[in-house]
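Asks: Next comes the sequence, and after it the predicted model I'd like to discuss.
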Amino acid sequence: MSTTASTSAPQRKPSKAKILVWILLVAIVAAVAIPILIARANSTPEVPEDVGQLVRENSRVLSKAPDEQAVLVEFLDYECEACRAAYPFVEDLRAEYGDTVTFVHRYFPLPGHRNSVNAAVAVEAAAQQGQYEAMYQRMFETQAEWGESAEDQSALFRGFAEDLGLDMAAFDAAVADPATEERIKLDVADGEALGVAGTPTFYLDGEVLNPESLEAFRAAVETAATD
């Protein structure tokens, strides 16, 4: 494999506005990390013996690279504003590097969000019918409508599933099945064991990413994708 970055396509530099968004994103993650750690510490979920895996066989793969050179893992919360801010940037990376970078998502609903678990359960229920990508995109595209709501938004999420043409009996069964939420809790347990304290948290080829800007993030992905 070549160790030189590909020059077959022009490089797209992030705008100053996007860099400011990334700086804000990092600040938000730092601000919520301490209360999240406190809330997690006060709970005592069952911890599996093999806790701390970055990727599991049942992890939700957003897209599998046909010529995989790297794996980018994101721990996310669908009600997290910082995750929403990162969403279009991640989609840009997928468009550019999807042939060589596999994108994996891990659920990490934050305790301070009323509908973070409900959203994750709805996305997982849709994923069980092969509609993970469509449901995850719908969550972020509509987050401004339901995020930070004090009311249960499960009915709205069910409407998203109907719009996607899912088998609603199967969807409802998956939402009601305790195994669906347990699947999400396993992601959380892995994240906590790895040291994840806020969202979004990214790992590139097993190493946590702490870029100072979108440009640095893109450069890290490009290097991994072309090595």
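Replies: Great, that's in hand. What you see is a predicted model, and the numbers here were worked out from it, not measured in a lab.

Asks: Show me the strands in the chain, by range?
Replies: Taking DSSP state E as the criterion, the chain carries its strands at 60-63, 70-76, 101-107, 201-204, 207-208.

Asks: Among the ones you listed, which comes closest to residue 142?
Replies: Using CB to CB as the measure, strand 70-76 is the one of these that comes nearest residue 142, at 15.4 Å. (Each C-beta comes from the backbone N, C-alpha and C, glycine too.)

Asks: so the most centrally placed residue in the chain bridges to which residues?
Replies: For the chain, residue 76 is the residue whose C-alpha lies nearest the centre (CA atoms, centre = their mean; 3.4 Å). Beta bridges link residue 76 to residue 107 when assigned by DSSP bridges.

Asks: Correct me if wrong: it contacts residue 110.
Replies: No: look at residue 76 against residue 110 with CB atoms under 8 Å: they stay out of range, at 10.0 Å.

Asks: picking that back up, any chance of the strands of the chain in CSV, plus mean pLDDT and distance to residue 86?
Replies: Converted to CSV, the strands of the chain look like this (pLDDT from 0 to 100; distance: least, CB to CB, whole Å):
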stretch, mean pLDDT, distance to residue 86
strand 60-63, 98, 13
strand 70-76, 98, 8
strand 101-107, 98, 12
strand 201-204, 98, 8
strand 207-208, 97, 15
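
Asks: need these in JSON lines with distance to residue 134, can you?
Replies: Listed next are the strands of the chain as JSON lines, based on distance: least, CB to CB, whole Å:
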{"stretch": "strand 60-63", "distance to residue 134": "11"}
{"stretch": "strand 70-76", "distance to residue 134": "16"}
{"stretch": "strand 101-107", "distance to residue 134": "13"}
{"stretch": "strand 201-204", "distance to residue 134": "22"}
{"stretch": "strand 207-208", "distance to residue 134": "29"}
